[in-house]
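>>> turn this into a structure:
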Amino acid sequence: MEKQIIAFIESLKGDKRLSSLDEASTKQAIIIKMLSLLGWDIFNVDEVKPDLVVKSYMVDYALRKNKFNTVFIGVNKAGEELRKDQKEILASAISEGVKLVLVTNGFQWWFYLSFQEGVAEQRKVCAVDLHRQKPEEAASRLISLLEKGNVTSGNALKKAETMQEARQTRAVDRYLSEAWQGLMKRPPDVLVKLINEAFEKLSGYPAEGKVIKKYLGLWARGEACEEIIELKEPVAKAPASYEGRKIQSFNFKSHSHSVDSWDRFLTRLCGLLASEFSEDLEKLLWHSVDGKFIFRDNPEELRLPLNIDGTNIFVETALNPDDTVKVARSVLKLFGYEGSELDIALTK
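Next comes the predicted model:
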């Protein structure tokens, strides 16, 4: 079998007429002949089913075992460039439970695992090119993935899965280090924040974000990290209770805001959120704290309502300081912030 396939590949490479074949002629002159050499009974539709319609898509050939589809084949005319996007045939394969897919123009043979995650290019197992590869190498690949015995025994699928794992391993070896280096040189704010939080738990002090970025850049380049982390003032731990305490200011998203009362603290914080989430602000009306609705658009439904600046929503201010802080942290969580992102400064 292998010698016959090698001889056939050599004959294809030397036949210049093939580049002008249309799709039907490509099937007859190349695809059917190759399948026959690979052991398939091309005259038995229970083995090689042509023009299989899957929903609204036509699969050129389905290779079958006991009348069950095992491989889908899509054919382009000889010499026509194969598209990287093969979502139609891959989707058809998934809908029929077919795991191995081949797309070919007679000279290029692209194999895919349909159930792999990602776009078509990520699901490609290997590419056989009869023009560029040695006939012996091309024949070996075609036999391992498309020969009848290998397909019906499941060995072809196992081989394809092994190839895919090896391909992914090579990609990790080649690109992961490069990706990590790039990330360290330009670390996103969320990474800097996570590092700073861990650093503060260990030291009791937060660090400047720019210093963390500089440190990561030095580390990525393999340079000595002898920079001394520039520390901010220690952040005071939140008291067990705010009862009887007077608020001076609060810090949110690295900005300090002076306020003269707990009521003003709550409306000011809500006003900041309102300017950022104006389209989602109405969800405040359905937000409750300890089973109580704190925000209403009708002030008469509240005992001591105060208007949130720039909105038609009112907040209940008949709250003690501890409940006020609880409401504030609950609202932050509602809009995707952590309660730790709010710092409150009290008068001494």
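>>> check which helix or strand the residue nearest to residue 47 when sequence neighbours are not counted maps to.
Closest residue to residue 47 apart from its sequence neighbours, by Cβ to Cβ, 6 or more residues apart in numbering: residue 41 at 4.8 Å. No exception for glycine: its C-beta is placed from N, CA and C like everyone else's. Using DSSP states H and E, residue 41 sits within no helix or strand.
>>> likewise residue 268?
helix 262-276.
>>> for the helix or strand that that helix is followed by, packing partners?
Later in the chain than helix 262-276, the nearest helix or strand by DSSP H and E is strand 288-289. Where contact means 3 or more Cβ pairs under 8 Å, 6 or more residues apart in numbering; DSSP states H and E, strand 288-289 is packed against helix 321-334.
>>> ends of stretch 118-129, how far apart?
For stretch 118-129, the first-to-last residue distance is 24 Å (Cα to Cα, to the nearest Å).
>>> can you give me phi and psi for the residue nearest to residue 47?
phi -80, psi 100 (degrees, to the nearest 10).
>>> follow-up on the earlier one: quick one: buried residues of the helix holding residue 268?
Using 16 or more other Cβ atoms under 10 Å as the test for burial, helix 262-276 gives 262-263, 265-274.
>>> pLDDT at the residue nearest to residue 47, what is it?
The model reports residue 41 with a pLDDT of 94.
>>> count the neighbours of it for me.
As a burial measure, residue 41 scores 12 neighbours (other Cβ atoms under 10 Å).
>>> the residue nearest in space to the middle of the chain is in what secondary structure piece?
When Cα atoms, centre = their mean is applied to the chain, the residue found nearest the centroid is residue 118 (8.5 Å). Using DSSP H and E, residue 118 is not contained in any helix or strand.
>>> doesn't residue 240 belong to a helix?
No: using DSSP: H, G, I helix; E, B strand; the rest coil, the secondary structure at residue 240 is coil, not a helix.
>>> need the next SSE after the longest helix seen in the chain, C-terminal direction.
For the chain, the longest helix by residue count, based on DSSP state H, is helix 155-185. The helix or strand immediately downstream of helix 155-185 is helix 189-203, counting by DSSP H and E.
>>> pull out the buried residues from that following helix.
192, 195-196, 199-200.
>>> so in the protein, where's the weakest helix or strand by average pLDDT?
Here the helix or strand of the chain ranked lowest by mean pLDDT, DSSP states H and E is helix 209-220, holding a mean of 74.
>>> show me what that one is packed against.
helix 155-185, helix 189-203.
>>> let's have those in TSV, adding distance to residue 293 and mean pLDDT.
Below are these laid out as TSV (distance: least, Cβ to Cβ, whole Å; pLDDT from 0 to 100):
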stretch	distance to residue 293	mean pLDDT
helix 155-185	44	79
helix 189-203	32	77
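>>> including distance to residue 213, could those go into a markdown table?
Formatted as a markdown table, those follow (distance: least, Cβ to Cβ, whole Å):
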| stretch | distance to residue 213 |
| --- | --- |
| helix 155-185 | 9 |
| helix 189-203 | 6 |
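>>> quick one: closest of these to residue 250.
helix 189-203 (18.3 Å; Cβ to Cβ).
>>> name the helices or strands packed onto the closest one?
helix 209-220.
>>> and the helix it packs on, which residues are buried?
211-213, 215-218, 220.
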